[in-house]
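1. Next come a sequence and a model predicted from it.
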Amino acid sequence: MKRGRLPLTALRSFEAAGRLGSFTLAADELAVSQAAVSRQVKELEADLGRPLFERRHRAVRLTPAGQALLAVLSRAFDAIDASLSEVRGRRGGGLVEISAEPSFAACWLVPHLDDFRMGHPEIDVAVDSDMRLIDFRTHEAEIAVRHGLDAKAWPRTEVDHLVDVELVPVIAPGLLAGGPAIRTPADLLAHTLLHEENRSVWERWFAAAGLPDVALGRAQIFAEGNLVLQAVLRGHGVALVDSFLAAEDIAAGRLVQPFDLSIRHGAYWLVARSFKRLSPEARAFRDWLLRRIEA
């Protein structure tokens with residue numbers, strides 16, 4: 001097919017729908033209606049003479065032909081977007097934009113940003129605190145800090161390992177002194193347990209402590225780790241927190257770790273579309289972040 005006859009609008013709609021796994025999400029990204037995306041994809045399928053999606057109730061799945069086409073288109077659109085960004089000069093001007101998990105941003109990144117500023121006074125840093133996955137093609141951030149169980153959670157990206165997440169039990173000194181005594185892991189059940197998202201992590205910790213069938217009692221459940229940390233600092237209960245993010249509070253005595261037992265819960269990762277394509281400002285931030293965490 002000649003380049004002048006390439007159905008670019010239809011290819012763009014198909015690529016967004018295939019990458020996001022949803023016609024609705026593709027419509028939101030492209031700022032068009034869901035019906036427009038569906039129509040464009042159907043026209044592309046008719047032009048190719050084969051289906052690209054399996055339509056199911058409230059879900060779509062790529063066919064083998066769709067998977068093959070998506071792999072080529074995503075790489076092509078990523079390359080086009082990166083080249084346009086370089087020509088446009090959007091990145092640069094002494095600014096680096098970072099997307100970071102809220103807990104990492106509040107508990108570690110913001111407290112240490114002054115160290116980066118002193119070493120790079122010519123670079124401004126914009127931090128977007130967001131736990132959702134980002135699409136670097138439609139997001140201003142060049143790099144992101146994300147939590148995940150492994151490095152395979154972000155397709156079509158490059159990943160640096162930052163630090164493993166080890167969860168440890170902690171309690172505020174006032175609650176420890178004035179509440180039920182804590183001598184064994186089972187004694188923690190006399191306190192309110194603070195959870196992030198669900199109870200499964202505490203269940204894993206108690207299993208590691210030799211109590212696999214324990215019945216969890218009172219609980220408070222929070223959407224993300226920084227809220228858990230704030231609650232435990234204020235004596236609302238006992239929490240499992242990331243020992244890396246809570247290290248300063250533990251060292252300063254604002255939190256007490258009653259037991260040394262920890263459980264692994266994934267890691268923090270530095271994610272970018274391509275580390276080689278980072279702006280000078282983003283490269284400087286990446287180098288600083290890796291050195292600072294290692295130190």
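-> Received it, and whenever you're ready, just let me know what you need. Numbers count the residues shown, from 1 in each chain.
2. got a list of contacts for stretch 246-265?
-> If you take CB atoms under 8 Å, 6 or more residues apart in numbering as the criterion, stretch 246-265 is touched by 107, 111, 164-173, 176, 182, 185, 188, 201, 204-205, 208-209, 229, 232-233, 240-243. C-betas here are computed from N, CA, C, even on glycine.
3. Next: stretch 51-60.
-> Here stretch 51-60 has contacts from 14, 17-18, 21-23, 41, 44-45, 61-63, 65-66, 69, using CB under 8 Å, 6+ apart.
4. Tell me the most packed of those residues, by neighbour count.
-> Highest neighbour count within those: residue 17, with 28 neighbours (other CB atoms under 10 Å).
5. in this protein, which spans are strands?
-> 53-56, 59-62, 95-100, 124-129, 143-148, 158-170, 193-196, 219-222, 238-242, 263-272 (DSSP state E).
6. Adding mean pLDDT and distance to residue 34, write these out as TSV.
-> TSV is the format used below for the strands of the chain (pLDDT from 0 to 100; distance: least, CB to CB, whole Å):
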stretch	mean pLDDT	distance to residue 34
strand 53-56	87	13
strand 59-62	86	11
strand 95-100	89	27
strand 124-129	89	27
strand 143-148	90	28
strand 158-170	94	32
strand 193-196	92	34
strand 219-222	88	33
strand 238-242	95	39
strand 263-272	93	29
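7. Reformat the ones you listed as JSON lines; add distance to residue 213.
-> Converted to JSON lines, the strands of the chain look like this (distance: least, CB to CB, whole Å):
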{"stretch": "strand 53-56", "distance to residue 213": "39"}
{"stretch": "strand 59-62", "distance to residue 213": "37"}
{"stretch": "strand 95-100", "distance to residue 213": "38"}
{"stretch": "strand 124-129", "distance to residue 213": "38"}
{"stretch": "strand 143-148", "distance to residue 213": "29"}
{"stretch": "strand 158-170", "distance to residue 213": "19"}
{"stretch": "strand 193-196", "distance to residue 213": "16"}
{"stretch": "strand 219-222", "distance to residue 213": "17"}
{"stretch": "strand 238-242", "distance to residue 213": "19"}
{"stretch": "strand 263-272", "distance to residue 213": "17"}
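8. Could you look over these and pick the most buried one?
-> Highest mean neighbour count of the strands of the chain: strand 238-242, a mean of 26 (counted as mean count of other CB atoms under 10 Å).
9. show me the contacts for the closest residue in space to residue 272 that isn't next to it in sequence.
-> Using CB to CB, 6 or more residues apart in numbering and skipping the chain neighbours, the partner closest in space to residue 272 is residue 143 (4.6 Å). Applying CB under 8 Å, 6+ apart to residue 143 gives the contacts 96, 98-99, 270-272, 278, 282, 285-286.
10. Repeat the analysis, applying 10 Å as the threshold.
-> Counting by CB atoms under 10 Å, 6 or more residues apart in numbering, residue 143 makes contact with 96-100, 136, 157-158, 160, 270-273, 275, 278-279, 282-283, 285-286, 289.
11. Residue 61 now?
-> Residue 61 is in contact with 18, 21, 53-55, 67, counting by CB under 10 Å, 6+ apart.
12. Could I get the full set of helices for the stretch 51-200 of the chain?
-> 64-88, 102-104, 110-119, 173-178, 200-208 (DSSP state H, counting those that start in this stretch).
13. buried residues in the first one?
-> Buried positions in helix 64-88, judged by neighbour count with 16 or more other CB atoms under 10 Å: 66, 69-70, 73-74, 77-78, 85.
14. Now it: average pLDDT?
-> Across helix 64-88, the average pLDDT comes to 79.
15. what helices or strands is it leaning on?
-> helix 8-20, helix 34-48, strand 53-56, strand 59-62 (3 or more CB pairs under 10 Å, 6 or more residues apart in numbering; DSSP states H and E).
16. For residue 293, give me its contacts.
-> Contacts of residue 293 (CB under 10 Å, 6+ apart): 108, 112, 160-163, 244, 268, 270.
17. which residue sits closest to residue 27, ignoring its sequence neighbours?
-> Per CB to CB, 6+ apart, closest to residue 27 is residue 34, 4.3 Å.
18. Kindly apply the preceding question to residue 214 instead.
-> Per CB to CB, 6+ apart, closest to residue 214 is residue 206, 4.6 Å.
19. show me the contacts for the one you found.
-> By CB under 10 Å, 6+ apart, the contact set of residue 206 is 169, 185-186, 188-189, 193, 212-216, 261, 263.
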